[in-house]
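Pasting the sequence and the predicted model now:
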Amino acid sequence: MSLAPDTARRVDALVTGAQASGRAPSLLVGVVRDGALTHLAGAGEHPRPDADRQYRLGSITKTMTAVLVLAHRDAGRLALDDPLDRYLPGTPLAPRTLRQLLGHASGLQREPDGPWWERSAGGDLASLLAGLTPGKVALAPHAAYHYSNLAYGLLGGVLERVTGTPWWTLLTRHVLDPLGLTRTTYQASEPYARGYVVHPWHDTLREEPRTDTGAMAPAGQLWSTATDLARWAAFLADPDPGVLAPETLTEMCTPVAINDLDSWTGGHGLGLELYRDGDRVYVGHGGSMPGYVAALAVHRPTRTGVIGFANSYGLRGGHIGALARQVLTLVLDAEPTPVAPWRPATAPPPAALADLTGRWWWMGYEYELRAEADGTLLAGPVGSPTLRFTPEGPDRWRGRSGAQHGEILSVLRDEAGHPVALDIATFVFTRSPDQEP
């Protein structure tokens, strides 16, 4: 679904203005809707941006590393609450857990030992581990949000130790190939944009090195294109179960740490950054490497996202992540997701399910249960039954949303087999307000 002409013009104007004021050699922003790249706005001539030209992802790489960790957790090869030294024995960082590393709540300092890793040739895992000392701890676990690139180098090491396979091979095999991300690569592959630092006083360009960051690669090594990053945004909105279970992706979006305790405008889940914009929460990540910045923001309920690249080390007076979220809000405000039309059911529900529908009472308040066409129950106050329950066995239902997520609804029947009460996590609902629970 392409953008309306007026929305497209407004997006284009934002991108053109950001490239000019930010002095980026080239800037590219793409809008993703319903799994497809629907609009691409580019500005600048060094080089002229297009959908197949690579830029560096930087820390957006971390979102892919996190998906790998969660997929291996789902497969039973590791546990998020295991201490790091279970997989990398001998590290002086106990008792920090994989979950804390994923959510930047471990207290590890931001960078590994040695020169600035983003601009230097990286060493192997053994070298990274050899540089770990008790001094690498900046804070106690969960004392505060503290972003750590080092944590993701270590998570890549955990994956390598658990599987016996290098991180890049794992990522290619389990994520990139299944999703068709053929232009997401470890090293730059033509055509790609060279990355620059823009001189502050005379606007000349200094080309930056394109390093192999070694054991720190899981934190920020990758290169990609607008086409591929749009596919990744679509995956974060609606994951392919063959790569990661949808409920696991939802788990990744649950906050581990809030990075702004005064206003709660941002936080971090399991590998995903969380951004609040009014009543909406976007998930994604920013990225930077010498000569490059990148952005990814997704509104999962509407399957809408925005991706962005620039081949300069930042935008003067602005931020590519803020630009991406501004474009995303513009699109969602200008073009809300169409409401799906109501359609009548083709057949009544089974008798056992139909018996549960209708009015129920608890402590003098009236509630209703409705049967959905897919066999689930909706429960809640009359006129707004939004809590969803799915069948789990005879007269047993599991909550799948809201305050009852994970809780059990049990049907209580009389001697004749008629449902007379519902027990939802010890709260008993009856057919009449006069009936004792």
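Perfect, thanks for sending it.

which helices and strands sit right next to the worst-scoring helix or strand of the chain on mean pLDDT?
When each helix and strand of the chain is scored by mean pLDDT, DSSP states H and E, helix 351-354 comes last, with a mean of 88. Packing contacts for helix 351-354, counted by 3 or more Cβ pairs under 8 Å, 6 or more residues apart in numbering; DSSP states H and E, involve no helix or strand. Every C-beta, even on glycine, is put in place using the N, C-alpha and C of the backbone.

Can you give the distance of that helix from its chain's centre?
38 Å (Cα atoms, centre = their mean, to the nearest Å).

Touching the next helix or strand after it from outside, list them.
Sequence order places strand 358-362 as the next helix or strand after helix 351-354, per DSSP states H and E. Residues outside strand 358-362 that contact it (Cβ atoms under 8 Å, 6 or more residues apart in numbering): 366-369, 382, 422, 427-433, 435, 437.

On the three-state scheme, the closest residue to Pro166 other than its chain neighbours is what?
Spatial nearest neighbour of Pro166, chain neighbours left out: Glu160 (5.9 Å); criterion: Cβ to Cβ, 6 or more residues apart in numbering. Of the three states, Glu160 takes helix according to DSSP: H, G, I helix; E, B strand; the rest coil.

Glu160 and Leu88: what is the separation?
Per Cβ to Cβ, to the nearest Å, Glu160 is found 10 Å from Leu88.

got it, and Arg53?
In this view, Arg53 and Leu88 are 37 Å apart by Cβ to Cβ.

what does Thr337 give?
44 Å.

Show me which of the two is the more surrounded one.
Higher neighbour count among Thr337 and Leu88: Leu88, with 19 against 14, using other Cβ atoms under 10 Å.

what mean pLDDT does stretch 98-111 have?
In this model, stretch 98-111 carries a mean pLDDT of 95.

quick one, phi psi at Arg86?
phi -70, psi -30 (degrees, to the nearest 10).

Could you do Val306 as well?
phi -140, psi 140.

Neighbours of it, how many?
Using other Cβ under 10 Å, Val306 has 31 neighbouring residues.

hang on, it packs against Leu28?
No. Val306 is beyond contact range of Leu28, at 11.1 Å (criterion: Cβ atoms under 8 Å).

so who does the residue most central in space within the chain touch?
For the chain, the residue nearest the mean C-alpha position is Leu272 (4.2 Å; Cα atoms, centre = their mean). Applying Cβ under 8 Å, 6+ apart, we find Leu272 in contact with Thr63, Ala66, Leu236, Met252, Cys253, Val283, Gly284, His285.

And Glu372, by the same measure?
Residues in contact with Glu372 (Cβ under 8 Å, 6+ apart) are Leu378, Arg388.

for Val31, same thing?
By Cβ under 8 Å, 6+ apart, the contact list for Val31 reads Leu3, Val11, Leu37, Thr38, His39, Leu40, Thr304, Gly305, Val306, Val327, Leu328, Val331.

And for the first one, the neighbour number?
Around Leu3 sit 20 other residues, with neighbours defined as other Cβ under 10 Å.

would you list every one of the strands in the stretch 301-437 of the chain?
For the stretch 301-437 of the chain, the strands defined by DSSP state E, counting those that start in this stretch cover 304-310, 358-362, 365-371, 377-381, 387-393, 396-399, 408-413, 419-424, 427-430.
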